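Visitor: Got a predicted structure plus its sequence, pasted below:
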Amino acid sequence: MARSDSKRGSAGGKKGAAPANAASSHAGDSSGTTCAIADAAAAQKAKEKEIRLECAKAFACYKKGNVRQGAKDLEKLLKAHPNHPLPHYAYVRISHKVALGTSAANRKFLEKAFKETRDRAKAALVACPDSLVIRLLFAQVVMDTPLPPTDDHVALRAAIDDAHVPTEGTAAPADFKHAKAAASFDDDHVALPLFPDLRECVDSKAYASEAADMMKATLPTICEVCREAEGLGARALMSLRANGETSSPSEESALRAQTLVESYIKMRDNRHNRDRVLRHNRAQGREQERQRKRNEEEALKRAKAREQEAAERAEERAAEAAIEAAEAAESGLARVSVSVNGAHAGGDKAGDKAG
């Protein structure tokens, strides 16, 4: 019987060991999965950093005046990462900045520069349709193009319709990171009128919400600038006619086209400048508010330090007073003791004499 029980106990022990082994195996799988996720996150972070640094290097070439080399480096980067928004952003922005710097007097080069910029922006939109940064950049390019063609308006309307306020699982955190990465090498990023001011966005949801609102206002703004430009151009053309500077229909047509382009650029730049001033003023206001809070905190710290110092001095004075009182009490007791002893001694002497 004992032997049989021993066998059953042994068998039971083996059966009991199986769940323990399974739990150990599950724990090992879980640990392995966690490590794999951590490794993937680290690899993605390293990749993002590498892409950002390559974009910064190419953008630095543009800043030094070597536009062709910067564009060439970005084209290589785009081949390696065709669906990443950051190389597209840098590639479009270099062309965009060149176009913005082209004189309106050189109409041929102006149109060529903006056509190249629009083509790059459209390609970026096709490659990264879900990127808020790319959609905002496309909207910015359309707005900055003098008298943008209607097909750009159609593409812009599609980009605006897709504008989203982020929910759980969207690319909003990536949009925010890409915007901050772009601002790290593009000094004018925070001043782009159609982009949310990163200094005012506390997180990715705030950025995406602001971006959606700004995109919805883009098309009406462009239409308004076009109307303002047409009115300004018409007045300029009337002035040219009054001065006798139009001699033929063809010449008048060319002058009308030129004055429209110049008027659009003027009205666009006026709006951009107003926006930059407003952003600058808001940034100054935020800095002044931060400084005010810092000053209040410093004043509070100084007041607390003074209170603490006063309390410590009061404690010291109280301690000193207590010590003095104790010493005085002790001195008084000593005098009383001496007096009593003297009295006793005098009594004893009187007794002796009487005896």
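Guide: Now that the structure is in, tell me what you want to look at. From a predicted model like this one, the values you see are computed outputs, not experimental measurements.
Visitor: For whichever helix in the chain runs longest, name the packing helices and strands.
Guide: When the chain is parsed with DSSP state H, its longest helix is helix 249-354. On a contact count with 3 or more CB pairs under 8 Å, 6 or more residues apart in numbering; DSSP states H and E, helix 249-354 meets helix 107-127, helix 218-242. Just so you know, the C-beta spots here come from the backbone N, C-alpha and C atoms, and that holds for glycine as well.
Visitor: wait, what's in contact with Ala283?
Guide: Asp197, Arg199 (CB atoms under 8 Å, 6 or more residues apart in numbering).
Visitor: Now tell me what touches stretch 212-232 from outside.
Guide: 135-136, 139, 142-143, 147-148, 153, 156-157, 159-160, 163-165, 194-196, 260, 263-264, 266-268, 271.
Visitor: hmm, try it at 6 Å
Guide: Ala139, Met143, Ile160, Ala163, Val165, Leu194, Ser263, Tyr264, Met267, Arg268 (CB atoms under 6 Å, 6 or more residues apart in numbering).
Visitor: if we can go back for a sec, let me have the helices and strands packed on helix 249-354 in JSON lines, adding mean neighbour count and mean pLDDT as columns.
Guide: As requested, the helices and strands packed on helix 249-354 are arranged in JSON lines below (neighbours: other CB atoms under 10 Å; pLDDT from 0 to 100):
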{"stretch": "helix 107-127", "mean neighbour count": "18", "mean pLDDT": "94"}
{"stretch": "helix 218-242", "mean neighbour count": "16", "mean pLDDT": "84"}
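Visitor: Now that we have those helices, can you turn them into TSV and tack on distance to Ala318?
Guide: Compiled in TSV, the helices and strands packed on helix 249-354 are given as follows (distance: least, CB to CB, whole Å):
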stretch	distance to Ala318
helix 107-127	75
helix 218-242	71
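Visitor: element containing Gln69, please.
Guide: Assigned by DSSP states H and E, Gln69 belongs to helix 67-80.
Visitor: Give me the distance between that helix and the centre of its chain.
Guide: Computed by CA atoms, centre = their mean, to the nearest Å, the separation of helix 67-80 from the middle of its chain amounts to 26 Å.
Visitor: same deal with stretch 208-221?
Guide: With CA atoms, centre = their mean, you get 18 Å for stretch 208-221.
Visitor: got the CA coordinates for it in PDB?
Guide: Written as PDB, here are the backbone C-alpha positions of stretch 208-221 (Å, rounded to 0.1, in the frame of the first residue of the first chain):
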ATOM      1  CA  ALA A 208      -3.500  68.100 -35.000                       C
ATOM      2  CA  SER A 209      -6.600  70.000 -33.800                       C
ATOM      3  CA  GLU A 210      -5.000  73.300 -34.600                       C
ATOM      4  CA  ALA A 211      -3.800  72.000 -38.000                       C
ATOM      5  CA  ALA A 212      -7.300  70.800 -39.000                       C
ATOM      6  CA  ASP A 213      -8.700  74.200 -38.200                       C
ATOM      7  CA  MET A 214      -6.000  76.100 -40.100                       C
ATOM      8  CA  MET A 215      -6.400  73.800 -43.200                       C
ATOM      9  CA  LYS A 216     -10.200  74.400 -43.200                       C
ATOM     10  CA  ALA A 217      -9.600  78.100 -43.400                       C
ATOM     11  CA  THR A 218      -6.900  77.800 -46.200                       C
ATOM     12  CA  LEU A 219      -9.100  77.700 -49.300                       C
ATOM     13  CA  PRO A 220     -11.300  80.600 -48.300                       C
ATOM     14  CA  THR A 221      -8.200  82.600 -47.500                       C
END
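Visitor: Only the buried residues of that stretch, if you could.
Guide: For stretch 208-221, the neighbour count (16 or more other CB atoms under 10 Å) marks Ala208, Ser209, Glu210, Ala211, Ala212, Met214, Met215, Thr218, Leu219, Thr221 as buried.
Visitor: Show me how far the host helix or strand of the first one is from its chain's centre.
Guide: To tie it back to what came earlier, the one meant is Ala208. Assessed by DSSP H and E, Ala208 sits inside helix 204-216. Relative to the centre of its chain, helix 204-216 is centred 13 Å away, using CA atoms, centre = their mean.
Visitor: got the angle for that helix vs helix 218-242?
Guide: Interaxial angle, helix 204-216 versus helix 218-242 (axes from the mean of the first three to the mean of the last three CA atoms, to 10 degrees): 40 degrees.
Visitor: For helix 204-216, give the mean pLDDT please.
Guide: Helix 204-216 carries an average pLDDT of 87.
Visitor: With stretch 149-164 instead?
Guide: 76.
Visitor: could we number from 6 for the rest of this?
Guide: Right, with 6 as the first residue, what we last looked at is stretch 154-169.
Visitor: CA atoms of it as PDB?
Guide: Output of stretch 154-169 as PDB, limited to C-alpha atoms (Å, rounded to 0.1, in the frame of the first residue of the first chain):
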ATOM      1  CA  PRO A 154      -4.400  77.100 -60.900                       C
ATOM      2  CA  THR A 155      -7.800  75.500 -60.200                       C
ATOM      3  CA  ASP A 156      -6.400  71.900 -60.200                       C
ATOM      4  CA  ASP A 157      -4.400  72.900 -57.200                       C
ATOM      5  CA  HIS A 158      -7.600  74.000 -55.500                       C
ATOM      6  CA  VAL A 159      -9.200  70.600 -56.200                       C
ATOM      7  CA  ALA A 160      -6.200  68.800 -54.700                       C
ATOM      8  CA  LEU A 161      -6.200  71.100 -51.800                       C
ATOM      9  CA  ARG A 162      -9.900  70.600 -51.100                       C
ATOM     10  CA  ALA A 163      -9.200  66.800 -51.000                       C
ATOM     11  CA  ALA A 164      -6.400  67.300 -48.500                       C
ATOM     12  CA  ILE A 165      -8.500  69.500 -46.400                       C
ATOM     13  CA  ASP A 166     -11.400  67.100 -46.300                       C
ATOM     14  CA  ASP A 167      -9.100  64.400 -44.900                       C
ATOM     15  CA  ALA A 168      -7.900  66.700 -42.100                       C
ATOM     16  CA  HIS A 169      -8.500  65.000 -38.800                       C
END
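Visitor: No further questions, thank you.
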